[in-house]
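**Q** Sequence first, predicted model second:
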Amino acid sequence: MTTRARIAGAGFFVPERVVSNHDLEQLMDTNDEWIRQRSGIEERRYITPGETPADLAQRASQRALAAAGLEPRDVDLIVLATLSSQHEFPGTSFFLQRQLGLDDTPCMDLRAQCTGFLYALTTANAMVRSGQFQRVLAVGCEVHSTGIDLTTEGRDVAVLFGDGAGAVVVEAADAGEAAGILECRLHAQGANAEKLWLEFPSSGHTPVRIDHEAIDQKRHFPRMEGRQVFKHAVTRLPEVLLEALSAASLKLEDVDLFLFHQANLRINEYVANQLGIPPEKCLSNIQRYGNCSAASIPILLAEAWEAGRLTPGTTVAMTAFGSGFSWGSAIARF
Ligand code: COA
């Protein structure tokens, strides 16, 4: 059993097509001021025809591998978190594996919505520590733009989400090395499954997974009880962050950078303020990318990596919440 796993490299990729709040004003009854005030979002990225989730994941993965000085063949497991799978089956990870030119590297999709990347990181950490795998590629990848209702009816959800992918390489740390994934804490509460969900297509719907009635009622678009989700977030984010820090025998002051899930800038500002975290320690990119669900945290991490902010000794706390409900936190030292 390896005592510790570490993050050896991070990369991200977002599609080139920028969709501003003003662009959305052309599609639905919304406005830039409402979106900015409620969420902090100014623009997001959408894929263009021909671009796929696996394409985004591939570019992010290649950048993460390059950052770690590795080739795709050095990876011995891929764990990809997504709520917007390229197809019902096989998972997006299989298309990614193929596009990375890999032949028989095992891969799997993991579904824990906006907490998905932290579930993937926790899985990668455990896999490496078990000794069964040496290097795991943990990816968060979402294409929301093709699955949201871009009309006034869907505006409460549609304005919040964007497309993107982020990836990290997790590998065994050398004996005695200070860098590593220090603690991971995960939670879930299926009792709230319908508070933020995509009902159709559903394999529990007979005789077929989706019918015209469901489509006419727009039940193939995500639906959210915004206020309930907001409440869940502002309670669970601080709770699980403090839980993970305590498990790592660290205090809030020991953390150099806080990477909160990018669902809503107001949620993150509220949580930071409640905990007394200085704003300059909280990274955010929601202004530019919106909520990229499982991709939000690895994109933030990769941006910090590329900006040279993850210097040796830097302690990072990642915390997320989302549909399920799900929530979690991971503490890593670089
Ligand atoms: N543009 C303009 N107006 C909008 C709008 C939009 N995109 N979406 C909703 N509105 C309207 C509503 O119809 C409502 O109008 P009404 O008062 O005439 O009925 C009004 O704005 C207020 O809506 P409400 O839902 O009460 O707003 P809110 O203050 O709760 O903010 C959210 C909505 C979604 C921003 C907020 O609830 C939130 O951030 N929730 C958490 C969402 C989240 O994090 N989701 C991702 C989880 S991973």
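**A** Right, received. Where do you want to start? Residues are numbered from 1 along each chain as shown.
**Q** ok, Glu171 to Ala179 distance?
**A** Distance of Glu171 to Ala179, computed by CB to CB, to the nearest Å: 11 Å. Backbone N, C-alpha and C define where each C-beta goes, glycine included.
**Q** hey, what's in contact with both of those two?
**A** Counting by CB atoms under 8 Å, 6 or more residues apart in numbering, the contacts common to Glu171 and Ala179 are Arg6.
**Q** Comparing these two, which residue is more hemmed in?
**A** Between Glu171 and Ala179, counting by other CB atoms under 10 Å, Glu171 is the more crowded of the two (23 against 19).
**Q** The more buried one - that's part of a helix, no?
**A** No: read with DSSP: H, G, I helix; E, B strand; the rest coil, Glu171 is strand and lies in no helix.
**Q** contacting residues for it?
**A** Shown in contact with Glu171 (CB under 8 Å, 6+ apart): Ala5, Arg6, Ala8, Ala68, Val128, Gln134, Arg135, Val136.
**Q** Let's see the pLDDT reported for it.
**A** Confidence at Glu171, expressed as pLDDT, is 97.
**Q** Need the nearest residue in space to the closest residue to the ligand within the chain, chain neighbours excluded.
**A** Using CB to the nearest ligand atom, Gly226 is the residue of the chain that sits closest to the ligand, at 2.8 Å. Using CB to CB, 6 or more residues apart in numbering and skipping residues adjacent in sequence, the residue nearest Gly226 is Asp156, 5.9 Å away.
**Q** Over to Pro279?
**A** Distance criterion CB to CB, 6+ apart; nearest residue to Pro279, sequence neighbours excluded, is Ala272 at 6.4 Å.
**Q** Does the helix or strand hosting that neighbour pack against any helices or strands, and if so which?
**A** Element membership of Ala272, judged by DSSP states H and E, is helix 265-275. Helix 265-275 sits against helix 32-39, helix 226-247, strand 257-260, with contacts defined as 3 or more CB pairs under 8 Å, 6 or more residues apart in numbering; DSSP states H and E.
**Q** before we move on, back to that, tell me the secondary structure at the residue nearest to Gly226.
**A** With three-state DSSP as the basis, Asp156 sits in helix.
**Q** before we move on, back to that, in TSV, list the contacts of Glu171 along with secondary structure.
**A** Formatted as TSV, the contacts of Glu171 follow (three-state DSSP):
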residue	secondary structure
Ala5	strand
Arg6	strand
Ala8	strand
Ala68	coil
Val128	helix
Gln134	coil
Arg135	strand
Val136	strand
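**Q** and the ligand, which of the residues you listed reach it?
**A** For the ligand, no contacts are drawn from those by CB under 6 Å from any ligand atom.
**Q** Check the secondary structure at the spatially most central residue of the chain for me.
**A** Nearest to the geometric centre of the chain sits Ala294, at 2.0 Å (CA atoms, centre = their mean). When classified by three-state DSSP, Ala294 comes out as helix.
**Q** Do you know the pLDDT at it?
**A** For Ala294, pLDDT reads 98.
**Q** Can you give me every residue that contacts it?
**A** If a contact means CB under 8 Å, 6+ apart, then Ala294 has 81-83, 112-117, 120, 140-142 as its contacts.
**Q** What ranges does this structure have for its helices?
**A** 21-25, 32-39, 53-67, 92-99, 116-130, 155-158, 212-216, 226-247, 265-275, 286-289, 296-306 (DSSP state H).
**Q** Including mean neighbour count and distance to Gly324, could those go into CSV?
**A** CSV is the format used below for the helices of the chain (neighbours: other CB atoms under 10 Å; distance: least, CB to CB, whole Å):
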stretch, mean neighbour count, distance to Gly324
helix 21-25, 17, 27
helix 32-39, 16, 21
helix 53-67, 24, 20
helix 92-99, 22, 19
helix 116-130, 25, 10
helix 155-158, 19, 16
helix 212-216, 11, 22
helix 226-247, 18, 10
helix 265-275, 17, 16
helix 286-289, 21, 20
helix 296-306, 26, 16
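**Q** Good, wrapping up.
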